[in-house]
Structures are given as structure tokens and as C-alpha cells.
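Peer 1: coords please:
(4 chains)
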Number of protein chains: 2
Amino acid sequence: MIESEFVSYAAPKAAFLSTMAASKSKNNQAETEHTIKVPQPTIERMSAYLQCVRAMFADGITTASSTEIAERTGINAAQFRKDLSYFGEFGTPGLGYDVTELEAHLARIMGLDTPRDVLLVGAGNLGAALSSYMGFTERGFRVVAIFDSDISKIGTKLAGRPVYHINELAGINAELQAQVGVVAVPRASAQEVVDKLVAAGVQAILNFAPTSILVRPGIAVRNVDLTSEMEVLSYYLRSK
Amino acid sequence: MIESEFVSYAAPKAAFLSTMAASKSKNNQAETEHTIKVPQPTIERMSAYLQCVRAMFADGITTASSTEIAERTGINAAQFRKDLSYFGEFGTPGLGYDVTELEAHLARIMGLDTPRDVLLVGAGNLGAALSSYMGFTERGFRVVAIFDSDISKIGTKLAGRPVYHINELAGINAELQAQVGVVAVPRASAQEVVDKLVAAGVQAILNFAPTSILVRPGIAVRNVDLTSEMEVLSYYLRSK
DNA sequence: TATACTCTGTGAAATATTTCTCAAACTATG
DNA sequence: CATAGTTTGAGAAATATTTCACAGAGTATA
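Peer 2: The predicted model follows:
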């Protein structure tokens, strides 16, 4: 998991310059007098706001107040305004936010103006589902290559894309230069795959293996552990 | 998302009685002099500890100190001890924790001593992957019925289980009494499906649809938004 | 253009969570 | 059974995050 995140802060209007995703240490305070920390939870909520304003746009809404966005997302209105304030000023007092404009700002803040190429490792059930997951494509994430270690799968196609052997990863990404890797392999091979992705130049990893993986500082990791999610639900079911 | 969680606190040794998963309000402080709040992040880490001690057990390790668990999980040792302390005392000073014993305690705390029946809604790509996801089965979550709204899918089988029509959900669960629902349907139908699950008596929902869903207080919800995860990674890739 | 509203942006206060620290508890050994 | 060495459990301190509350900025209307 990513613990700290710093954003250089320049002028009040629109300010998101250099970034550094760091891992576990506490002394990566690259603080200068103009550096402001953006809380991790804020980043996660930004994505929710983006989803929300897109839904509002689809509903034909052109202007939204923080209160309206709060109602839709279930996030406190002050929280929304505070979150945005880490990045600049995007609203109009007395009126609210222009939906189209806010969408563009949020997308840019999240780095979604550039499409991202994605390497998928693991052509099993989950890998197959992810390779054809429309949510990724819709939002500008393109799975450009699929890898597996199972010889019987090499050469077959998944969602129209050929499956390569995992050992070809570095060679193929020397060409592709994809920055994002998705790990959909069993627990036992997860760390090994992660190491190969990082060696191939991947900067961000989405890990579906139910195990904690280690990466060097500067590599962003998000873990999606389905088992863990179920266990958390199970906790809330105790004594029901 | 689940915001608050309270656990009745009884004696120092082993104490986790009544629970209440609450949603958005701030005034659900059912505080009595013996009530202690367990932070949400603690619950999430408990699952990681469980994973860790199981891996240690598999490695033949019989005793573990908080420091060793910290190294494996990447979580601070004091954090681990503090987390456990919400539930009781499980270690031996000077020695550490008995791996087998700790595993049993963690599993019980998380409510994993009872197997959980799961209803899966959505027989698309993701639903198919989830229905055969071994991680669930391994850990005592059994998908007992699968539902979809697509008539062409009704009667077909997914991972050996028949697919029923969504309208049969309530009727079938009157029999099955499953408490957990997994939502793997498109955004547009997510809220509707959630409402049907809740109406059918489901108490906990794992939502894969990329939209915020509303449930009445007392229903636990976990959202797994793959798109959002990607967007968070994208944020960390900005300016790289 | 004055007046009554509304809503943003943001310091300050309130909460929540993590980390530090260390007394007390236990082990292991001679 | 005393002593040296570990490690837990938990109060207190440090950090982080959320929420409050309101001045100031802009709208809308007459």
C-alpha cells in the first residue's frame, strides 16, 4: 500500500506538479516551504467525485454544488471542498461547480488525460475477466499485452490479444513501454511476477494476489484482495 | 463504505460480543462504559495478519514475535499489538505468539469459524471468474446460487452451478438464508440488485459495480472498484 | 446598483489513527 | 532461584484526517 504522497504546491489556481509515490518509510518528507501533502484518502475520493460528476453529466446536470455532490457520493460536503482545495479552486461562490469543467479538472488531476498502457500477467479466470473488463477500456486503460507461465496457454488469445510467456515480458515491454502492470496470478508466484514487472520498467502495479508484495520505493502498488474483502464482511456478520 | 464499528468490551481476555455495522451518521455512539470502538483500518489489517500467520504456519514456524509479523506484513509492530489489544491478549511476554493459537483467534475474531453462504449476482465475465475463484472456497465462502437478468443465461451453468433469474432471488434465498451477496453487474443495475439482495435478507454486500450504492444502516458494504484502483495508480504516475 | 441569498474555500477545532515508550510479564540459563 | 534478556500490552504523545464554522465572493432579483 502507498503511504505518503507529496504534491508541490505553487499558486492558488491549479497546482499539481512533481509527485513521488513512496512506500513504508516515514522520513520521506521532501518538505519545502511550498510542499503540501495530499492525504491518501483524498486521492481515493477524487476518483469517486469523478464518477459522480460523470453520472451527473449523463443526467443532464450542468451545475453542481458541493452539497449535491455530497448527497450523491455519501461524502461530506466540506470534505469534498477540502479535497479539491489541495489542487486549486474550481468552483464559483454562490453557484457551485460547472460539471463539465470539474470533470476535466478531476480527470487531469488524476492523470487521466493520457491513456495508459497496461500489462496483464495471469491468463486464468480472473485474468480473462480483467482482459475484457470494459471499465478499463472506457476509462483509457488499454491492456496491451497478456502474459502467463502456463505453456499450454502461450499463443492462445484472450479477448483478442495473444498470450505471451512471462519470460518475454521484459523484451516485449522494451518496445511497449507500458507503465502499469496487473498481477492476476496465484499467491505463490505473485512476488516473482511483481519483480519481473518492475524489472521491465513498470511503475505502478495492481495486485490481485492475496499476499503482501514488496517493491522498491517509488513504485506504486494497489492491492485488491477479494478474500480479505470477504473476511471484512464476515467480521461485520459476527453475532448476527 | 462502512464508517463505524463498535464492539462491546467485556473482560481483558477475549472480548468480542455484539456488533453493529453502521452507515453514514455520526450519532450512532451506542457507547456504554464498557464499549470500545475498533477502528476500521484495524479490521482490514486483521485479515492481513491472518494471511501472514497462515503463511508462517505453512513455513513451519510455530512461534512469532510482533516484530517478525511486522516484517512480513510491512505493518508496524506496535500497530499489530495495538490492533490485537482491541480483542484481548494473545501473546506471551518474552516469547511472542503461538502461530497456531493466533491463527485460531484471528479466524474467530473475523467470524471465520462459521462457513458463509454467498449469493452471486451477475453471470458475465467477472461473475464467471468470481464463481470459480478458489480463494473464496478455500476460506469458507461458498457461492450457493448465481443470478442474472439475461434470459439467455438462465438455466446454463457457471462453475457447475445453475444460473437463476434475478426475480427468483428472494424466493430462493428464503430457503438458502445466505447472508452475503456479491454484485457483479453493470453500473446501471447495481442499485436495483442491491435492493433485491437486501430485500432477500442479505446482510453484507461485496459490490464490484463502479458506482456508489445506498443501503439502510446495519447492512455492511464493501466496494471493489477496479476502475477507481486504476485511477489511483494513474494519479501516482502523473509527471513520471 | 443595492439587497438578500447562496455557496466556496479555508483556518481552526474536533476526531481518529498511528507510533513511541516503558513497566510488567515471561523465558531461558547458569 | 536469581539474573539477563525478550517481548507484550497499553498509556501517552505525535500525526493524520475529518468536520465545523464563517468571512468573503459571487449570483439573482428588484
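Peer 1: and for A:P162, the neighbour number?
Peer 2: By other C-beta atoms under 10 Å in any protein chain shown, the residues close to A:P162 number 11. Yep, even glycine has a C-beta here, placed from its N, CA and C like the rest.
Peer 1: my bad, should have said A:D113
Peer 2: 12.
Peer 1: and the gap between it and DNA strand C?
Peer 2: 21 Å (C-beta to the nearest atom of the strand, to the nearest Å).
Peer 1: what's the closest non-adjacent residue to that residue?
Peer 2: Spatial nearest neighbour of A:D113, excluding adjacent residues (C-beta to C-beta, 6 or more residues apart in numbering or on different chains): A:A107 at 6.0 Å.
Peer 1: can you classify the one you found as helix, strand or coil?
Peer 2: Using DSSP: H, G, I helix; E, B strand; the rest coil as the criterion, the local structure at A:A107 reads helix.
Peer 1: go on, A:D117?
Peer 2: strand.
Peer 1: identify the bridge partners of it.
Peer 2: Beta bridges link A:D117 to A:R142 when assigned by DSSP bridges.
Peer 1: does A:A107 touch A:S47 like I think?
Peer 2: No - taking C-beta atoms under 8 Å as the definition, A:A107 is not a contact partner of A:S47, at 10.4 Å.
Peer 1: check the residue nearest to A:D113 and give its pLDDT.
Peer 2: pLDDT recorded at A:A107 is 97.
Peer 1: how far away is it from A:I213?
Peer 2: Distance, A:A107 to A:I213, using C-beta to C-beta, to the nearest Å: 29 Å.
Peer 1: where do the strands sit along chain A?
Peer 2: Using DSSP state E, the strands found in chain A span residues A:4-8, A:19-22, A:35-37, A:63-64, A:97-98, A:116-121, A:141-148, A:157-158, A:161-165, A:180-183, A:204-207, A:220-223.
Peer 1: what would the ones you listed look like in CSV with distance to B:G171?
Peer 2: What follows is the strands of chain A, written out as CSV (distance: least, C-beta to C-beta, whole Å):
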stretch, distance to B:G171
strand A:4-8, 49
strand A:19-22, 49
strand A:35-37, 52
strand A:63-64, 41
strand A:97-98, 45
strand A:116-121, 39
strand A:141-148, 39
strand A:157-158, 37
strand A:161-165, 41
strand A:180-183, 38
strand A:204-207, 38
strand A:220-223, 37
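Peer 1: what comes up buried for the helix ranked longest in chain A?
Peer 2: Identified as the longest helix of chain A according to DSSP state H is helix A:40-58. By 16 or more other C-beta atoms under 10 Å in any protein chain shown, the buried positions in helix A:40-58 come out as A:42-53, A:55-56.
Peer 1: so which of the residues you listed are also by DNA strand D?
Peer 2: Among the buried residues of helix A:40-58, the ones lying near DNA strand D by C-beta under 7 Å from any atom of the strand are A:T42.
Peer 1: between the buried residues of helix A:40-58, which is closest to A:Y97?
Peer 2: A:V53 (7.8 Å; C-beta to C-beta).
Peer 1: list the contacts for the closest one?
Peer 2: A:A64, A:I69, A:Y97, A:V99, A:L102, A:E103, A:L106 (C-beta atoms under 8 Å, 6 or more residues apart in numbering or on different chains).
Peer 1: with neighbour count and distance to A:V232 as extra columns, can I get the residues you listed in TSV?
Peer 2: Putting those into TSV (neighbours: other C-beta atoms under 10 Å in any protein chain shown; distance: C-beta to C-beta, whole Å) gives the following:
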residue	neighbour count	distance to A:V232
A:A64	22	32
A:I69	23	27
A:Y97	24	33
A:V99	23	34
A:L102	23	32
A:E103	18	32
A:L106	23	28
